[in-house]
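In: just a sequence and a predicted model for now, questions to come.
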Amino acid sequence: MLAPFPRENKSSQRNECRKFVQVYKGNEGWESMINILPQVLVDGLTLGFMYAVVALGYTMVYGILEIINFAHGDIFMVGAFIGTEVLLISDALGALEGMNPFVALFITLIIAMVLTGALGVGIERIAYRPLRGAPRLVPLISAIGVSFLLQDLVRFTEALARNEFYLNSPALFTGSIPLGSIATIPTKGLIVIVIAIVMMIALTLFVNKTKWGIAMRAVAQDQSTASLMTINVNKVIMLTFLIGSSLGGATGVLFAQNYGTIDPYIGFILGLKAFTAAVLGGIGNLRGAMIGGVLLGLLESLSGAFMGPLTNGAFGAEYKDVFAFSILILVLLFKPEGLFGEAVKEKV
Amino acid sequence: MKKRSYVGVLSAVLAASMALTGCAGNGNSSGGSNASGGQSQPAPGNSGGGTTEGGLIKIATQSPLSGSNSAIGDAIKTGAGYALEQRKEEFKALGFDLQLFPQDDQGDPKIGVSNAEMLISDPDVYGVVGHYNTGVAIPSSVKYEEGKLVMVSPANTGVKLTEEGKKTVHRICARDDAQGPKAALYAKNTLGVKTAYIIHDKTAYGQGLSDQVKMQFEKDGVQILGFEGITQGEKDYSAVLNQVTVKNPDIIFFGGLYPEGGILIKQAREKGFKGYFMGGDGLDSSDMIKIAGNAVEGVVFTSVAGDVTQTEEGKKWAEEYKKATNKPLETYSVYGFDSMNVILNGVLEAAKANGGKKPTREQVLDAVHKTKDFQGQFTKVTFDEKGDNTNADVFIYKFDKDKSIFVGKAE
């Protein structure tokens, strides 16, 4: 007959186990993981809104032309550099001192938006319009070419002008707002969220309420019919690039403010993720891009913070992207049109 | 009309390419065929970099001259170039034309390997000073081994590099298995930390160093609260830092380079982290201050590079260096300088042994490999069987507001 396990042994085993779990959890245990949830959500939202605004640029161009403007991430990067340069130069001239930071940010945003908007229009004119009749793969490749061109152009000019090409943006906002004891929102993060929301609302109103917005939707539906209805298709496409690119450029400025350091390669990863967000929400769909962006930012932040503890350290924060992209694959497998794909008929 | 213009363009391209290859052939007349001038016939009497008297000797550098690590990469190149410039006359007297051949590996293994391929196919290249990134050095050294081209690294600390048993691989700096444990010991004994959170950048260098630190911490009973990787090139590390703040370690050890390290410490301080922040020689750059801003104050790092300005003689050298090159002095500048001199000495020895004639690469390799008690500007170099410098030390530095301060040798 087998002797039953001695009682002490079992409990000591359990104790061992508990000890191990405690050691693993660190000093504070699970409660503290829940305690950081608000902070994780705040970080995720900041990141998510940034993705969302950049995703709008991808989705607008896709909605109108059915091409993926892979240079959009780099337009975002150029925006970040223009904004930082404006701040650095005005700082060197002493213009920033005593200026209200909101005014400074506003001026910087306007300059960056005008320049990146013009850049977007220029890219469309040079790299996409001559290829408009070509198979869809061709403008895609030309977009990737433009993307590399922009990266190296910025690298080159910055290296010439400053002998370095990762810049540090002067911080306009340094304070932070405590949300009780559970989390703090840095002012700059809050500004990112507010400005992103303002831009998204403005764009939605523009597309839905104005004449040009109606024209854009018409072109998205059917280019040739739209042109029969006396709509200047080329102008509408230019406008789309202008708006999309200036939104991207503005986000670049916000990015530089929020994270401080920029280099010519920030557009790649962020552009890829914003594109993913656009696909997640249903590419060509404005509302989808916004929600997809916020969702991706939250997913990334949550998985980064909690995947380690949940999997007992087998998957750490380093795999947060894998997690986020796996969700994307699942969505595409079971709902290929994206989360908000049902509205795809009305593309913009 | 259209067709004709195409023909015009084509012929222009053809003419240009012919001019180019012609150029390559001319520039090359002093020694053998070049990779780019494949079609041009080697000049008569030239056995492809054999044992002609006199001739061109190119020493290459491979370091990131562009990309986010270029501050260090450029310091290595400039240091090496400065050493070469000083010895040009000495070689000219022997009939050799010394030339620096800087390559940009961009911190990218693929580019490092393709550069290495080009270097070994050029018979005038006699040595390589490089690399900065261990992850680039390891695959590139496969090519150097093929071409019997000697490599002397001023900065690679990855243990694996010399453990693979390649004869061409040498380094004058200390390895991670010296650096990591010494860093961990310093953190425990001098800083008095009891808990640590380790972050690495998932590269051969960053993770390798972090593993070494972790092992030593575990041995000494310092509690490891986390061991996480981050992605190079990202700018938002709040995901991992949220975990750090909740566990509140006495120290964050970061295995990685300054572009990420600078952002990490800045964002950690923004999140209210009060403990120590420590890293390896990857943080050893003046750009760390630019990136981290005020948060850099108090950041501790170990480096395999010492501070050359600690001695009077070194200070004088540093002044001359700055004046001659018009570049800021980075800690790796002097290592680039010393590495170059190790190679040049090898070339000289080999040439002497060869009766004043241009030696073969293999002879240079042997001469460099046998380097013993060579006193460089900063390091004394004696290579062991593996190619490691037996005199290499590890040093501790601490960042002040606007510069890093030498603390001392790590024991």
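Out: Here it is on my side, so go on.
In: smallest gap between chain B and chain A, at which residue?
Out: For chain B, the residue closest to chain A is B:Ala239, as judged by C-beta to the nearest C-beta, at 2.4 Å. For glycine as for every other residue, the C-beta is placed from the backbone atoms N, C-alpha and C.
In: from what I can see that residue touches A:Gly297, true?
Out: No - if you go by C-beta atoms under 8 Å, B:Ala239 and A:Gly297 don't touch, sitting 10.6 Å apart.
In: coming back round to it: which residue packs closest to the residue of chain B closest to chain A, ignoring adjacent ones?
Out: Spatial nearest neighbour of B:Ala239, chain neighbours left out: A:Gly304 (2.4 Å); criterion: C-beta to C-beta, 6 or more residues apart in numbering or on different chains.
In: so which bits of the stretch 201-350 of chain B are right by chain A?
Out: Listed as neighbours of chain A in the stretch 201-350 of chain B under the rule C-beta under 8 Å from any C-beta of the partner chain: B:202, B:223, B:225-231, B:233-236, B:238-240, B:242-243, B:245-248, B:259, B:262-263, B:266-267, B:270-272, B:287, B:290-291, B:293.
In: of these, which belong to strands?
Out: When DSSP state E is applied, those are split such that B:Gln223, B:Leu225, B:Gly226, B:Phe227, B:Glu228, B:Gly229 fall in strands.
In: model confidence at the second one, what's the number?
Out: The one in question is B:Leu225. With respect to pLDDT, B:Leu225 scores 90.
In: could you say which helix or strand contains A:Glu158?
Out: Per DSSP states H and E, A:Glu158 falls inside helix A:137-162.
In: by contact count, what packs against the very next helix or strand once past that helix?
Out: Sequence order places strand A:167-168 as the next helix or strand after helix A:137-162, per DSSP H and E. Counting contacts by 3 or more C-beta pairs under 8 Å, 6 or more residues apart in numbering or on different chains; DSSP states H and E, strand A:167-168 packs against helix A:72-92, strand A:261-262.
In: save these as TSV, and put in mean neighbour count, mean pLDDT and distance to B:Lys322 too.
Out: What follows is those, written out as TSV (neighbours: other C-beta atoms under 10 Å in any protein chain shown; pLDDT from 0 to 100; distance: least, C-beta to C-beta, whole Å):
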stretch	mean neighbour count	mean pLDDT	distance to B:Lys322
helix A:72-92	24	94	24
strand A:261-262	24	88	27
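In: pLDDT value on residue 95, please?
Out: No chain was given, so I picked chain A. A:Ala95 carries a pLDDT value of 84.
In: let's do chain B instead
Out: Here, the pLDDT recorded for B:Gly95 equals 89.
In: number of nearby residues for it?
Out: Using other C-beta atoms under 10 Å in any protein chain shown, B:Gly95 has 14 neighbouring residues.
In: that one contacts B:Lys357, correct?
Out: No - taking C-beta under 8 Å as the definition, B:Gly95 is not a contact partner of B:Lys357, at 9.1 Å.
In: quick one, what contacts the spatially most central residue of chain A?
Out: Centroid-nearest residue in chain A: A:Tyr51, 1.7 Å away (criterion: C-alpha atoms, centre = their mean). Neighbouring residues of A:Tyr51 by C-beta atoms under 8 Å, 6 or more residues apart in numbering or on different chains: A:Leu270, A:Lys273, A:Ala274, A:Ala277, A:Gly292, A:Gly293, A:Val294, A:Leu296, A:Gly297.
In: closest one to chain B out of these, please.
Out: Distances from chain B to those, taken by C-beta to the nearest C-beta, are shortest for A:Leu270, at 8.4 Å.
In: please, which helix or strand holds that closest one?
Out: Take DSSP H and E as the rule and A:Leu270 turns out to sit in helix A:266-281.
In: before we move on, back to that, same list (the contacts of A:Tyr51) but as TSV, adding neighbour count and pLDDT.
Out: Shown next, in TSV, are these (neighbours: other C-beta atoms under 10 Å in any protein chain shown; pLDDT from 0 to 100):
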residue	neighbour count	pLDDT
A:Leu270	26	90
A:Lys273	25	90
A:Ala274	30	92
A:Ala277	33	92
A:Gly292	31	93
A:Gly293	30	94
A:Val294	23	94
A:Leu296	28	92
A:Gly297	25	92
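In: which ones, among the residues you listed, also lie beside chain B?
Out: Counting by C-beta under 8 Å from any C-beta, no member of those reaches chain B.
In: circling back to that earlier point, out of the helices and strands packed on strand A:167-168, which is closest to chain B?
Out: strand A:261-262 (5.2 Å).
In: and the closest one, which strands flank it?
Out: strand A:167-168 (antiparallel) (DSSP bridges).
In: residues in contact with the partner strand?
Out: Contacts of strand A:167-168 (C-beta under 8 Å, 6+ apart): A:81, A:84-85, A:88, A:158, A:256, A:260-263, B:290-291, B:293.
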